[in-house]
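# Next one to model:
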Amino acid sequence: MHMAAGADAHLKVAVPLLQALGQSVGIVGEDPSQAKLVKLTGNFMLSVIIETLGEACAVAGKAGIDPLHFVELLKSANFNAPPHKIYGPLIASRRSQPPGFSLALGQKDNRLMLAAAEALGVPLPLASLIHDRFLTLRSQGIGAEHDWSAVALCALSDAGLR
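Numbers count the residues shown, from 1 in each chain. All right, here's what the predicted structure looks like:
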């Protein structure tokens, strides 16, 4: 979904163009910076889902449960939203290439989210954890050619699963 904000006259021009790109458009208000913040917040929430999927797959893997089967069980229960359907199988199979949304773009958005939160005086402990995950991957030579779901590989590695 695209996010848009601005004066009504500008939105009348921009919204049809954004809709032509094939996605719905959410109108945030008049301040364009708020549209950026909403988009960053959505990506932050996706990064947390990726992290929790990685941690859950680590627990399942250590217990001897096949990660792909585990993800299918989750998707058939309460976790059948698009992020779980998209990222669950990638994480369970440890497949982060080709990138749908690159690690570099995810790291940039995380950095921008942390900066916005700091400016607003809002602590984001999970965003700080995700920031460290991005740095860990970069230190291991895992870069832009990988999908940002590679963040979950850190949880698997922490559990001793290679």
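
# Pretty sure Val27 sits in a helix.
I think there's a mix-up here, since residue 27 is Ile and not Val. No - applying DSSP: H, G, I helix; E, B strand; the rest coil, one finds Ile27 to be strand, outside a helix.

# Find the nearest non-adjacent residue to it, please.
Ala4 (5.7 Å; Cβ to Cβ, 6 or more residues apart in numbering). From N, CA and C alone the C-beta is placed, and that goes for glycine too.

# Could you name the helices and strands sitting against the lengthiest helix in the chain?
With secondary structure taken from DSSP state H, the chain has its longest helix at helix 32-62. Helices and strands touching helix 32-62, by 3 or more Cβ pairs under 8 Å, 6 or more residues apart in numbering; DSSP states H and E, are strand 2-5, strand 25-29, helix 67-76, helix 82-92, helix 103-120, helix 125-139, helix 151-158.

# got the ones you listed as a markdown table, with mean pLDDT and mean neighbour count columns?
As requested, the helices and strands packed on helix 32-62 are exported to a markdown table (pLDDT from 0 to 100; neighbours: other Cβ atoms under 10 Å):
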| stretch | mean pLDDT | mean neighbour count |
| --- | --- | --- |
| strand 2-5 | 89 | 18 |
| strand 25-29 | 90 | 16 |
| helix 67-76 | 94 | 16 |
| helix 82-92 | 94 | 19 |
| helix 103-120 | 97 | 17 |
| helix 125-139 | 96 | 16 |
| helix 151-158 | 95 | 22 |
